[in-house]
Each structure stands twice: as structure tokens, then as C-alpha cells.
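Novice: What would the 3D arrangement of this be:
(one chain, ligands or ions: 2)
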Amino acid sequence: MAVFVSHSERETFLWAKEYAKGLSPFDVVLLKGEMGAGKTILAKGMIAGMGISDEVTSPTYAYVNEYGGRVFHFDCYRVESEAQALGLGLADYFGRGVCIIEWSENIAGLLPAGAKVVKISGEEGVREIEF
Ligand SMILES: Nc1ncnc2c1ncn2[C@@H]1O[C@H](COP(=O)(O)OP(=O)(O)OP(=O)(O)O)[C@@H](O)[C@H]1O
Ligand SMILES: [Mg+2]
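Specialist: Ligands and ions are numbered 1, 2, ... in the order given. Below is the predicted model:
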């Protein structure tokens with residue numbers, strides 16, 4: 001486990017952009033941290049680091065946003081059960097591209113083995129990123 005200390009949203013974005021360069025095409029990355037910790041900022045950096053220039057927004061209605069047909073950004077905050085997640089087809093994305101997942105705790109039983117974990121925590125502009 002390594003730690004990077006970020007002092008701004010921008011630093012977090014740039015760290016994530018570099019981190020993503022080490023990902024393989026079907027990796028699953030679990031972004032862990034409290035509400036407002038910076039998970040979506042990490043996802044934005046990672047998606048940029050994979051060479052995708054689309055604007056990244058938080059997945060809302062569909063729970064998953066797709067980028068370039070090869071990156072899937074999940075926000076499982078509002079997922080109520082694994083049965084619901086299965087019904088929504090959320091497990092079908094694994095193996096189709098890189099999957100970057102916020103609030104993966106809500107679909108814990110559906111996650112493939114070997115997922116990578118990136119944890120972010122802190123306050124007042126400073127964040128510790130464990131990876
Ligand atoms: N060093 C930092 N790194 C990342 N974000 C930071 C940092 N310092 C302050 N922030 C702020 O923290 C907030 C992080 O928001 P973000 O939407 O990424 O959180 P989140 O973990 O995705 O929350 P949610 O669980 O609600 O989806 C932003 O407002 C950002 O500007
Ligand atoms: Mg978020």
C-alpha cells in the first residue's frame with residue numbers, strides 16, 4: 001500500500017491521470033471514501049488518463065456512464081440491493097472495459113476478484129490517497 005498526499009482537487013486529478021496509465025483494459029477500480037472525499041475527481045482524472053477527452057459527470061439516472069466504449073464509471077450510492085443491481089445489469093460491464101466504481105460497498109457480492117482499491121480521505125483541501 002502506498003500513499004500520495006494531495007493538496008488540491010487539481011493535484012488529485014493529475015495523480016489519478018498518471019495512475020490510470022498503469023491500468024489494464026479490463027481492470028476494476030474501487031474508489032473508496034466518504035461523501036465529498038474526492039472519488040468523482042479521481043474518476044475524472046483516471047478517465048482523462050485513459051485518453052478520453054469527454055466531459056465526465058456523476059452517473060445519476062443510469063448508475064453507470066460509458067466513455068469511449070471502453071471505460072465505465074459507476075456510482076452505486078443509490079443502489080438498494082445486489083438483486084436490484086443485477087436487474088439493472090450492472091454486473092454485465094465487468095470484462096467489457098475498465099470499470100471505475102464509487103460506493104462499491106453496495107454491490108460487494110457482485111464484484112469480481114482482483115479489483116484494485118483506491119482510498120481517499122482527509123479534510124480542508126488535503127487528501128490522503130491510498131493505493
Ligand atoms: N485535495 C483534494 N482532492 C480532491 N478533492 C478535493 C480536494 N480538496 C478539496 N476537494 C473538494 O472535495 C470535493 C470532492 O468532490 P467529489 O464529488 O469528487 O466527492 P465524491 O467522493 O465523489 O462524493 P460522493 O460520495 O458524493 O459522490 C470537491 O468539491 C473538491 O473540490
Ligand atoms: Mg462522487
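Novice: Return the residues of this structure in contact with ligand 1.
Specialist: 6-9, 12, 33, 35-41, 102, 125, 127 (Cβ under 6 Å from any ligand atom). Heads up, the C-betas are built off the backbone N, CA and C, glycines and all.
Novice: give me that answer again for 5 Å
Specialist: Ser6, Glu9, Thr12, Met35, Gly36, Ala37, Gly38, Lys39, Thr40, Ile41, Gly125, Arg127 (Cβ under 5 Å from any ligand atom).
Novice: export those residues to CSV and tack on secondary structure and pLDDT?
Specialist: Listed next are the residues of the chain next to ligand 1 as CSV, based on DSSP: H, G, I helix; E, B strand; the rest coil; pLDDT from 0 to 100:
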residue, secondary structure, pLDDT
Ser6, strand, 98
Glu9, helix, 98
Thr12, helix, 98
Met35, coil, 97
Gly36, coil, 97
Ala37, coil, 98
Gly38, coil, 98
Lys39, helix, 98
Thr40, helix, 98
Ile41, helix, 98
Gly125, coil, 97
Arg127, strand, 98
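Novice: which of those residues count as buried?
Specialist: Buried by 16 or more other Cβ atoms under 10 Å: Ser6, Thr12, Ala37, Gly38, Lys39, Thr40, Ile41, Arg127, out of these.
Novice: restrict those to contacts with ligand 2.
Specialist: Lys39, Thr40 (Cβ under 5 Å from the ion).
Novice: Can you pick out the most distant pair from the buried ones among the residues of the chain next to ligand 1?
Specialist: The distance between the two most remote of those (Cβ to Cβ) is 14.2 Å, for Ser6 and Thr40.
Novice: Now do the strand ranked longest in the chain: which elements does it pack against?
Specialist: In the chain, taking DSSP state E as the definition, the longest strand is strand 116-123. With contacts taken as 3 or more Cβ pairs under 8 Å, 6 or more residues apart in numbering; DSSP states H and E, strand 116-123 sits against helix 9-20, strand 28-32, helix 39-49, strand 126-130.
Novice: Kindly recompute the last result at 7 Å.
Specialist: Using 3 or more Cβ pairs under 7 Å, 6 or more residues apart in numbering; DSSP states H and E, the elements in contact with strand 116-123 are strand 28-32, helix 39-49, strand 126-130.
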